[in-house]
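Q: I need the structure of the sequence given here:
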Amino acid sequence: MSVPVKRYQRNKLLSDKTSPKLYFLRQESGSSKVATIESIAQDIETSGSLSAEDVKHTMQSFVRQLKKVLTEGNKVKVDGLGTFYITFSSTGTAVEKDCTVKNIKRVNIRFAVDNSLRLANDTTATTRGSANNVLFYIKGEGTASNGGSSDAGGDKPKDPTA
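A: Residues are numbered from 1 along each chain as shown. Prediction:
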């Protein structure tokens, strides 16, 4: 499966209206779907020995435990997926005694992807066709993008809307 992208033009520096206008790519709006625990559980049931209910319950339990571990200030490393951890931002104070936990304004959950899960652009990857490569195409051009070079091998997916 390939990911549809489209070109758009904007200033190189968003905050500077006098900066040169350049073309960038972004994923085609509305082309992504949201996978839920329910839909993932159904997919796992078809390819494994667990029922969808067992998978769903396990994933919901994982989310509850993840929240518990993170609220204790700890990290959660999921092999093959990555590491979840928290960060926070606080306001600064001139006097040390005024710097308290009440100064923490925002707590964020961060995620650092595992190296085995990192994705790559298939058109620039050194190993074509790898399981971690993502194939992109520019919407409306009809074929997968190959970075402007001629690729002698393989079929390219067609743009389903062309």
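
Q: Any buried residues in stretch 84-95, and which?
A: F84, Y85 (16 or more other CB atoms under 10 Å). No exception for glycine: its C-beta is placed from N, CA and C like everyone else's.

Q: quick one: terminal-to-terminal distance for it?
A: Start and end residues of stretch 84-95 are separated by 33 Å (CA to CA, to the nearest Å).

Q: Also stretch 7-22?
A: With CA to CA as the measure, what separates the two termini of stretch 7-22 is 10 Å.

Q: Now it: average pLDDT?
A: Averaging pLDDT along stretch 7-22 yields 92.

Q: now stretch 67-78
A: Here the average pLDDT along stretch 67-78 is 96.

Q: Ok, stretch 108-117 next?
A: Mean pLDDT, stretch 108-117: 94.

Q: just stretch 47-63 next, same as before
A: Mean pLDDT, computed over stretch 47-63, is 94.

Q: Next, the buried residues of it.
A: In terms of neighbour count (16+ other CB under 10 Å), stretch 47-63 has its buried residues at A52, V55, K56, M59.

Q: now the first one: how far from V107?
A: In this structure, A52 and V107 are separated by 33 Å, where distance is defined by CB to CB, to the nearest Å.

Q: Let me see the backbone angles for G73.
A: phi 90, psi 10 (degrees, to the nearest 10).

Q: Excluding residues flanking it in the chain, which one is nearest it?
A: Leaving aside its sequence neighbours, G73 sits nearest to I86 (CB to CB, 6 or more residues apart in numbering; 6.8 Å).

Q: Surely A112 and Y85 touch.
A: Yes. In this structure A112 lies within contact range of Y85 using CB atoms under 8 Å: 7.3 Å.

Q: Would you reformat the buried residues of stretch 47-63 as TSV and include secondary structure and distance to K33?
A: Converted to TSV, the buried residues of stretch 47-63 look like this (DSSP: H, G, I helix; E, B strand; the rest coil; distance: CB to CB, whole Å):
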residue	secondary structure	distance to K33
A52	helix	18
V55	helix	19
K56	helix	18
M59	helix	18
